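> okay, here's the prediction I keep looking at, along with the sequence it came from:
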Amino acid sequence: MNTDVGISARLERISTGGRYLIVPMDHGITLGPVKGLVDIESTIDSITRGGADAVLTHKGTAPRVHPNKNGKGYIVHVNGSTVIGPDEEDKRLTGTVEDALRVGADAVSFHINVGSEYEPDQMTQLANLCSRAADFGVPVLAMAYARGPGIDEKDPESLAHAVRLAEEVGADVVKTAYSGDAESFSRVVEATRLPVVIAGGSRGTDRETVEMVRGTMDAGAAGVSMGRSIFQHDDPEAITRAVSAVIHDDADVETALERAGLGIEA
Ligand SMILES: CC(=O)[C@@H](O)[C@H](O)C[C@H](N)C(=O)O
Ligand SMILES: O=CC(=O)COP(=O)(O)O
């Protein structure tokens, strides 16, 4: 049976017209119960009202996600590590495709640190996950970071290598770090035929966040998988609205900030 129809149907549940505004909240394993994740119910309600296409968590949080996601998409992340453990780059499996389906996911997600000593194992696990997910018609979001000894995490050539690896092993969407400007990031986007989305990193000002999203879209990317810049905001609905204006309505930075009521920053 051709499972492509399942993959495309589910991709439509986590995007709008091929554009992606995903808000990952898997950081509860990585960082712990940080701001925005303690009352995750209210954060999810706010960001999905603000225009997020999908939210992403680990499987255990699913009961807190579904009643609050306002009909938007849901992605389950299946590996993790902590900042207080022996090595944050050593992400270990936390779930399977079957687990994700059991808790009502539309897609699965997996983090690989390309360039780290764990890359070989993580690459095999990602390739196996892609095969298993294809059996069920479930899309895979690969979080492909360039991370490891001596690696510049924003180097466009390393990022291009990471996103290409994700395509080669069978992922459907790839997330990576932003290289810092639209011109260099366009080389990352060109490295793969997959839709490319960016991580936000630690939170900056509203203008910095929206400028980064504008640069990403100008580079030809498909959107964002932006966590802390959104869920740690004092008004997660407003910042989601601003990011959505750029991704879904192609707004410029000023228009996006004004439309979200974030024109004047405190
Ligand atoms: C906390 C971070 O540095 C993030 O960039 C993570 O590496 C990304 C991932 N979502 C995670 O929490 O592991
Ligand atoms: O899962 C994590 C991400 O996709 C990115 O999170 P960030 O907080 O925007 O770096």
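Ah, there it is. Ligands and ions are numbered 1, 2, ... in the order given.

> the host helix or strand of Ala134 near ligand 1 at all?
Using DSSP states H and E, Ala134 sits in helix 119-136. No. Helix 119-136 is not in contact with ligand 1 by CB under 6 Å from any ligand atom; minimum separation 12.2 Å. For glycine as for every other residue, the C-beta is placed from the backbone atoms N, C-alpha and C.

> could you dump that helix to PDB, C-alpha only?
The C-alpha trace of helix 119-136 is given here as PDB (Å, rounded to 0.1, in the frame of the first residue of the first chain):
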ATOM      1  CA  GLU A 119      26.000  11.000  15.400                       C
ATOM      2  CA  PRO A 120      26.500   7.400  14.100                       C
ATOM      3  CA  ASP A 121      24.000   6.000  16.600                       C
ATOM      4  CA  GLN A 122      21.500   8.900  16.200                       C
ATOM      5  CA  MET A 123      21.700   8.600  12.400                       C
ATOM      6  CA  THR A 124      20.900   4.800  12.500                       C
ATOM      7  CA  GLN A 125      18.000   5.600  14.900                       C
ATOM      8  CA  LEU A 126      16.700   8.300  12.700                       C
ATOM      9  CA  ALA A 127      16.900   6.200   9.600                       C
ATOM     10  CA  ASN A 128      15.000   3.300  11.400                       C
ATOM     11  CA  LEU A 129      12.400   5.800  12.700                       C
ATOM     12  CA  CYS A 130      11.800   7.100   9.100                       C
ATOM     13  CA  SER A 131      11.300   3.500   7.900                       C
ATOM     14  CA  ARG A 132       8.900   2.600  10.700                       C
ATOM     15  CA  ALA A 133       7.000   5.900  10.400                       C
ATOM     16  CA  ALA A 134       6.600   5.300   6.600                       C
ATOM     17  CA  ASP A 135       5.000   1.900   7.400                       C
ATOM     18  CA  PHE A 136       2.200   3.900   9.100                       C
END
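
> between the helix or strand following it and helix 119-136, how many degrees?
Using DSSP H and E, the helix or strand that follows helix 119-136 in sequence is strand 140-146. If you take axes from the mean of the first three to the mean of the last three CA atoms, to 10 degrees, strand 140-146 sits at 160 degrees to helix 119-136.

> parallel or antiparallel, list what pairs with strand 140-146.
Strand 140-146 has the following strand partners under DSSP bridges: strand 107-114 (parallel), strand 173-176 (parallel).

> need the contact partners of that strand.
For strand 140-146, contacts defined as CB atoms under 8 Å, 6 or more residues apart in numbering pick out 22, 56, 75, 107-115, 126, 129-130, 133, 152-153, 155, 158-159, 161-163, 165-166, 169-177, 199, 225.

> before we move on, what about stretch 60-74?
Taking CB under 8 Å, 6+ apart as the rule, stretch 60-74 contacts 13-15, 22, 25, 28, 40-42, 44-45, 48-49, 52-57, 76, 103-107.

> okay, and the beta partners of His77?
His58, Ser109.

> what sits against it?
Pro24, Asp26, Leu56, Thr57, His58, Thr94, Gly95, Val108, Ser109, Phe110, His111.

> what score does it have for pLDDT?
As predicted, His77 sits at a pLDDT of 99.

> before we move on, what about Met1?
65.

> up against ligand 2, what does the stretch 1-150 of the chain have?
So far as CB under 6 Å from any ligand atom goes, the stretch 1-150 of the chain lies against ligand 2 at Pro24, Asp26, Met143.

> pull up the residues of the chain that are close to ligand 1.
Pro24, Asp26, His27, Thr30, Leu31, His111, Ala199.
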